[in-house]
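# test case, fold it:
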Amino acid sequence: MQDIHFPITFEFKITTLANDFTAKDKTGKTIAFVRQKMFKLKEDISVFNDDTKSRLNYRIKADTWLDFSTAYSFYDTKDKEFGKVVRKGWKSLWNAHYEIINEHQKQQYVINEKNPWIKILDSLLGEIPVLSFFTGYLFNPTYLVKNTQGKTVAELKKLKSFFGKNFEVSKIGELDNNDDDRILLALMMFVLLERRRG
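Predicted coordinates for the structure are as follows:
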């Protein structure tokens, strides 16, 4: 995913059982097709160049890391790990909290919800039969990616859509060298996990 032109849109396919989505840049060009393998005990995500799946660019695999939080490691085409995103267990119950770790096992960024109440209202109303159909238009959480200085570098928004199938990633601040891919992969995994939570 080189020469990324933000904003990036994640578009889920709601007509298939698989949890797949396409990532497109601001020109409408597909920069990735994300396929989550079904019926796996551990998460196993494939990131292809496009929806033809002609070239596999990255893999994301689950394991446990340090304090028993779940980690999702990023691998390139040579099966070399170059970072991971870690969901911090108890912190994530109220407010989504994920840490992006670089290839040197150092934390670089944190992903948090901008306003946790929106997520709560979205989940509560989603349980009501008729209203659940409209929650994708009423409540649209925003998530911030911040660096170790607390500055926002990227933003992920759930866009207004039925079934909550579209998300948009915007670049807000400056990123460290070659971090675009690591942040996008972290947000791809984040969306898969948070979308499943409701």
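
# quick one: residue 12 from residue 99, how far?
Taking C-beta to C-beta, to the nearest Å as the measure, residue 12 falls 25 Å from residue 99. Just so you know, the C-beta spots here come from the backbone N, C-alpha and C atoms, and that holds for glycine as well.

# my guess is residue 37 contacts residue 59. True?
No - taking C-beta atoms under 8 Å as the contact criterion, residue 37 and residue 59 are not neighbours in contact, 10.2 Å apart.

# quick one, which of these two is more surrounded?
When residue 37 and residue 59 are compared on other C-beta atoms under 10 Å, the one with more neighbours turns out to be residue 59, at 17 against 12.

# for the more buried one, what are its contacts?
In this structure, residue 59 makes contact with 44-47, 74-75, 79, judged by C-beta atoms under 8 Å, 6 or more residues apart in numbering.

# list the buried ones in the longest helix anywhere in the chain?
What stands out as the longest helix in the chain, according to DSSP state H, is helix 180-197. Using 16 or more other C-beta atoms under 10 Å as the test for burial, helix 180-197 gives 180-195.

# that helix: how far from the chain's middle?
On the basis of C-alpha atoms, centre = their mean, to the nearest Å, helix 180-197 sits 1 Å off its chain's mean C-alpha point.

# again, but for stretch 98-114
The mean C-alpha position of stretch 98-114 is separated from the chain mean by 12 Å, C-alpha atoms, centre = their mean.

# show me where the chain has its strands.
Using DSSP state E, the strands of the chain run over 8-12, 21-24, 30-36, 44-48, 56-65, 69-75, 81-87, 97-101, 107-113, 142-147, 152-158, 166-171.

# so residue 62 touches residue 37, yeah?
No - here residue 62 lies out of contact with residue 37, judged by C-beta under 8 Å, at a distance of 11.1 Å.

# overlap in contacts, those two.
With contacts taken as C-beta under 8 Å, 6+ apart, residue 62 and residue 37 have residue 44 as neighbours in common.

# what's the closest non-adjacent residue to residue 49?
For residue 49, the nearest residue in space outside its immediate sequence neighbours is residue 55; the separation is 4.3 Å by C-beta to C-beta, 6 or more residues apart in numbering.

# shouldn't residue 45 be in contact with residue 33?
No - with contact taken as C-beta under 8 Å, residue 45 and residue 33 are classed as non-touching, separated by 11.1 Å.

# contacts for stretch 24-36 next, please.
By C-beta under 8 Å, 6+ apart, the residues outside stretch 24-36 that reach it are 1, 4-11, 18-23, 43-53, 57, 184, 188, 192.

# buried members of those into PyMOL, please.
In PyMOL, a selection of the buried entries from these looks like this (16+ other C-beta under 10 Å):
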select buried, resi 1+4+7+8+9+10+11+19+20+21+22+23+43+45+46+47+48+50+57+184+188+192
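
# and residue 63, how many neighbours?
The number of residues packed near residue 63 is 11, by other C-beta under 10 Å.

# now the one 10 residues further on
Neighbours of residue 73 under the rule other C-beta under 10 Å: 19.

# distance of the closest residue to residue 53 other than its chain neighbours from residue 46?
Among residues not flanking residue 53 along the chain, residue 33 sits closest, at 6.3 Å (C-beta to C-beta, 6+ apart). When distances are taken as C-beta to C-beta, residue 33 and residue 46 turn out to be 9 Å apart.
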